[in-house]
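Visitor: Need coordinates for the below:
(2 chains)
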Amino acid sequence: MEYTKKTYTEQERRQAAYALNLCAVSVAQIVDYNDKYILEQEYDAILNNLNLEQMPKDEALLNILTELLNVITFFRIQEGKKALVEREYQERMKNAVWSAVPNIGMVVTGGSLATMAISLATQVGIGYMNYRKEKARGALEKERAEMELEFTAIEQFNALKRELFTTAWKLAAEYCFPDDYRLTERQIKQYNAILMDVDQLRKYERLEAIQEQFKAYPPFWYFFGHAASLVAIEARKAGDESAARQYLNRAKQHFERYGELDKFNLLREDQLTASWALEYVDLLYLIGKADREKVAELLERAVKMSGNANDVLQLCAMYYLRIDQPDLAARLFRILVNEGCNIETNARLLSGVYVRKLLHAPGDAEVQAAYWSLSQKSGGALLVPLPEPEGDASAGLVEAEYLSKQRAALQRDYRSAVNQFERKYAIKIKRLICIPARNHGLPDEYFSGSKEAQNRRTADAKAALKDLKRTDGLFNLDFPFQYVDTLNEMLETLSRFPSFTENKDALIRVLRQDVKSLRGEMETARAAMENTLQGQDGGFTMEHYKSMRDRLSLYACGRRFFDDLKNRTVDMLDSLDAPDALTQAELTLAEFCQAQGLTLQPADRRQPGTGLAQESAGEYLSYKLVGLTEAELEDRRKAQELLSEMKKAAAGAAPNMILRPDAAVFLLPGQLGFESYFQNAKLKNLERVIQEHVAAILDDKSGQDFDLLFTLEGLVTVRNNQVA
Amino acid sequence: MSYRIGSFNVRNWSGSGYEDQIVNQDAPSVRKLNRIAEIIREERLDIVAFQEVLSEGKMLEALKRRLGGNWEACWDKPGKNFPYRGDKRNEGYGFLWRADKFELIPIGKRDRPGIWGNYDPLNGASDILNGVRLIRDPLYGRFKLRNQRFELRLITTHILSDKPVGMSGGLDGVSALDMRRNEFDILAGKIYARVADRHKDIHGVVPYTIMLGDYNLNLESESDSVHRAAVPGTACFDAQGRRVEGSAHARRIIYTVQEELTSLGPSAYTNNFDHFSYDGRTRAAIIKGEAKRIDAVRDYAPASAQTEAEKFADYHSSVSDHVPIVIEIDFK
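Guide: Now for the predicted structure:
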């Protein structure tokens, strides 16, 4: 019987070559980048995403793929570390989004965001691109050791890479595809090295030099176009419009080449194609040829190829806003909020879209329901408020209310950040004055302000001072130097905090005075330490320890400094009334927190109060289950009734309460001013008032600042922001 | 179901094997064989790793037959690779295992356990102390549980006690103690890692790795003086397989256990040299209880040995200068 060798079409040959090259480049990138997150990305984007129906049916190839997946699965990044990387990416994306959308009003008014200042997809990009960019920049240097692959992983991947190339040789022979379809190890290594080049112009020229070798490899043309786009953007920034145009045209050619080549459907979900589509949109805007239909078509393709990857959907949502397709944008924002991706940003943007729709079609029940659903899911995120059902419902008014809320939330966030920052440095100071001094391995929790931690430290100090045979490591005699160094470091770090920079001299003066007053304390403590070490009288005792602990703590000596800083911060924010300025303040805070490792919880932005909770604890449980008596329930019911009557009376009296509207305002529950009254960051002793028990507020806007709160517990006065 | 894994340095166990049994039942090699078989049988060991097996493992074959039932054995010796050429006794290692409970998984092209010599390119004796190359290679075997998707990878080692004579270069100015510690670091940091992390051919089987044998190092304890040869109970290694202090940068932690004295002289136990080592994953998943020695001196003494002194003298002269150790594992 004659054996007839199978013949393959040109399409099949190209497809086979592409499949092999895709796998080979992916494995090579895992080795060359030596990074667990990139391993994860290659697994998700390429190796575990191959459409096996389209792959050459070769047993050796499939065996290698199986072995690759086995090895990758074992070395995959831990979920915790992965979440950390993705959170950092989301932070970068959030900053980029708000750079592109300087104020929420643009979303509410429905103005086209075509003037979006930043090409989000090109300059930030999806996670796959962005991580590599940051890594190449060296921005991820500090995580390098943690992300490094184990040497055993590299060895196995290298071995598999060799097997892959061997298999590729055999398949090349079987499919008879031209040798230049198949990428060699050396070519791939050079290609990977070029992709890591941070100099975009040099990268472009290096890619240009090797383009012939990659003519059948679609991803090359995407990266080629991407590099050209970035060169064009840089040229434009530098004012060289002619160079910018030239590179933009080249980028267009390269992207079009990608579009022609990428028809094999080898990947089930293709992030690279999604990225290409989005960057192509950027390019069209940059060259001023952003045809709406074409852009919509590209966005649709990006969404289709995204596999619901959040980073792609995030970009698509922004671009739908850009082309004034709010419904399509809303659909994606909803997905992102439900998936917990950048909830604060996306919920805010989505609320802006809903408000816009309501301004055009007030009372639209579906939109109102959607808004309500969003408010439940957004976990305190700052939403654009709904327009008032009656009265002047305009975008301007909505924006004004939103800004007021935003300012209050920001003030709270800034205070929280300062408190966390103070805590961070308080722990650093405690480490310096700790007894015994050996504490480099101890976690921060040991130095927290909790009662348990304090007791533990006291007990340890007592035990250490008892056993004075071992004085090695007992005391830190250099603590005064380190104390000042730490405070200086703290002040240097705060130089990025806007309210500190503006009031630097005054704040430092306060701190200097308070630190100076500690001189005697430090000298006494050091002398006692030295006496102990030299076995002389007048040694260090627990009294010395307690005195150091109480007086040298940052909470003691930095009290006035931090209180002053917080007050000046609140005042600074009060003075900001332009939307851009508030957004910039928010960005500045986010960057500061990220740099300092501080976490901001969504501020406790209370929803309009609805009075006391209903009597029943819910449909399933009764209060009696937890031991509440009938008498207590009855008291509660009476209180609710009384409050309800008080509110009715206040509402009835409201129109006639104020004689001079410029000097005072009468606030009722449910009104915006009522909520924001309790969000005033300057209010002190607020814990003395139960907001739900307040029926009305007489807010004194004159210089006297003497407010009255009408509460269930009686009349409460608030003088100069201090609750009596 | 649990399994008992043992390690036994059988000190220069030589003989003609089965032929000895036929020819002379009272030959020392046969009496030793009988004692060892009794220990294995009574202690219900399922796999035993042997060190210091000579004569190309013929006695292991005899042991296999003596035990009857479904046992398999293998033998191999290091020294094929540079730089350590082995000693004149042709010392080797062996594995003995219950073939009804375990089947072998091939290692590359080998279908049996073999000496692990899978290193980076050899660059000469200087690699010995650069953490690349061992002086004496271990034996490595892959044992899959029958009818279950678990695999036990065993690395058995006998770390050199003294600096080898006649080996060119590399160890000048290095103490025997440092040499042993270095061997341990390579075994635990590099060899163990390579074995444990090899995942490309697992095909749905979950592997766990244990290193075991005669380390010629006591387990570190707080009462140790600094000059006592010690292996740490917890050793941390970074992503490149290098020892690091503290766990902050550790990518793998190797736990070494078994702190009872296992080597002996003619009259008493002397050192704690025989151990098991494994990583955190193995420890959490399959290690059951504590590793311990089998007090073969006292528990398996012949009737003729009545006193402690007699028991030690008898065991030392006729069996070994080590007693076996055992650990129990359970694949949940």
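
Visitor: hey, let's count contacts and neighbours off CA atoms from now on
Guide: Fine.

Visitor: Contacts only, for B:Asn34.
Guide: When contacts are counted by CA atoms under 8 Å, 6 or more residues apart in numbering or on different chains, B:Asn34 touches B:Arg66.

Visitor: Return the helix or strand in the chain with minimum mean pLDDT.
Guide: Answering for chain A, as no chain was given. Across the helices and strands of chain A, mean confidence by mean pLDDT, DSSP states H and E is lowest for helix A:672-678: a mean of 69.

Visitor: My question was about chain B, not that one.
Guide: Between all helices and strands in chain B, the lowest mean by mean pLDDT, DSSP H and E belongs to helix B:18-23, at a mean of 61.

Visitor: Pull out the buried residues from stretch A:473-484.
Guide: A:Leu474, A:Phe475, A:Asn476, A:Leu477, A:Phe479, A:Pro480, A:Gln482, A:Tyr483 (16 or more other CA atoms under 10 Å in any protein chain shown).

Visitor: same check, this time on stretch A:428-442
Guide: By 16+ other CA under 10 Å, the buried positions in stretch A:428-442 come out as A:Lys428, A:Ile429, A:Lys430, A:Arg431, A:Leu432, A:Ile433, A:Cys434, A:Ile435, A:Pro436, A:Ala437.

Visitor: from the residues you listed, which ones fall inside helices?
Guide: Within the buried residues of stretch A:428-442, residues falling in helices by DSSP state H are A:Lys428, A:Ile429, A:Lys430, A:Arg431, A:Leu432.

Visitor: As JSON lines, these with pLDDT and distance to chain B would be great.
Guide: As requested, these are exported to JSON lines (pLDDT from 0 to 100; distance: CA to the nearest CA, whole Å):
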{"residue": "A:Lys428", "pLDDT": "91", "distance to chain B": "19"}
{"residue": "A:Ile429", "pLDDT": "92", "distance to chain B": "23"}
{"residue": "A:Lys430", "pLDDT": "92", "distance to chain B": "22"}
{"residue": "A:Arg431", "pLDDT": "89", "distance to chain B": "19"}
{"residue": "A:Leu432", "pLDDT": "88", "distance to chain B": "21"}
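
Visitor: domain parsing for chain A?
Guide: For chain A, the domain assignment from automatic domain parsing gives the residue ranges A:408-595, A:630-723.

Visitor: Worst mean pLDDT among those?
Guide: Mean pLDDT is lowest for domain A:630-723 among the domains of chain A, at a mean of 78.

Visitor: Run me through the strand neighbours of the longest strand seen in chain B, direction for each.
Guide: In chain B, taking DSSP state E as the definition, the longest strand is strand B:2-13. For strand B:2-13, sheet partners with direction are given as strand B:47-53 (parallel), strand B:325-330 (antiparallel), following DSSP bridges.

Visitor: How far does the first one sit from its chain's centre?
Guide: The reference is to strand B:47-53. Centre-to-centre, strand B:47-53 and its host chain are 6 Å apart (CA atoms, centre = their mean, to the nearest Å).

Visitor: Identify the residues contacting that strand?
Guide: Outside strand B:47-53, the residues that reach it (CA under 8 Å, 6+ apart) are B:4-14, B:75, B:91-98, B:156-158, B:212-214.

Visitor: where along chain A do the strands fall?
Guide: Listed from the start of the chain, chain A has strands (DSSP E) covering A:664-667, A:694-700, A:706-711, A:714-719, A:722-723.

Visitor: Tell me which of the ones you listed is the most buried.
Guide: With neighbours defined as mean count of other CA atoms under 10 Å in any protein chain shown, the strands of chain A peak in mean count at strand A:694-700, which reaches a mean of 22.

Visitor: export that one as PDB, just CAs?
Guide: The C-alpha trace of strand A:694-700 is given here as PDB (Å, rounded to 0.1, in the frame of the first residue of the first chain):
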ATOM      1  CA  VAL A 694     -32.100  64.200  65.800                       C
ATOM      2  CA  ALA A 695     -35.300  65.700  64.500                       C
ATOM      3  CA  ALA A 696     -34.000  69.000  63.200                       C
ATOM      4  CA  ILE A 697     -30.900  71.300  63.200                       C
ATOM      5  CA  LEU A 698     -30.700  75.000  63.500                       C
ATOM      6  CA  ASP A 699     -27.400  75.800  61.800                       C
ATOM      7  CA  ASP A 700     -26.000  79.200  62.700                       C
END
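
Visitor: if we can go back for a sec, make a markdown table out of the strands paired with strand B:2-13 and add distance to A:Glu399, mean neighbour count and mean pLDDT.
Guide: As requested, the strands paired with strand B:2-13 are arranged in a markdown table below (distance: least, CA to CA, whole Å; neighbours: other CA atoms under 10 Å in any protein chain shown; pLDDT from 0 to 100):
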| stretch | distance to A:Glu399 | mean neighbour count | mean pLDDT |
| --- | --- | --- | --- |
| strand B:47-53 | 76 | 26 | 97 |
| strand B:325-330 | 66 | 21 | 97 |
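
Visitor: Switch those over to JSON lines; also include distance to A:Thr73.
Guide: Formatted as JSON lines, the entries for those read as follows, by distance: least, CA to CA, whole Å:
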{"stretch": "strand B:47-53", "distance to A:Thr73": "30"}
{"stretch": "strand B:325-330", "distance to A:Thr73": "24"}
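
Visitor: Pull the number of nearby residues for the residue in the stretch 201-332 of chain B positioned nearest to chain A.
Guide: Using CA to the nearest CA, the single residue of the stretch 201-332 of chain B nearest to chain A is B:Ala239, 4.4 Å away. Here the count is done by other CA atoms under 10 Å in any protein chain shown, and B:Ala239 has 21 residues near it.

Visitor: separation between it and B:Ala62?
Guide: 44 Å (CA to CA, to the nearest Å).

Visitor: Run through the bridge partners of B:Lys97.
Guide: One correction, residue B:97 is Trp, not Lys. Beta-bridge pairing for B:Trp97 (DSSP bridges): B:Ile47, B:Glu72.

Visitor: and the closest residue to B:Arg194 other than its chain neighbours, what does it touch?
Guide: Closest residue in space to B:Arg194, ignoring its immediate chain neighbours: A:Thr152 at 5.5 Å, by CA to CA, 6 or more residues apart in numbering or on different chains. For A:Thr152, the contact set (CA under 8 Å, 6+ apart) comprises B:Ala193, B:Arg194, B:Asp197, B:Arg198.

Visitor: Fine by me, we can end here.
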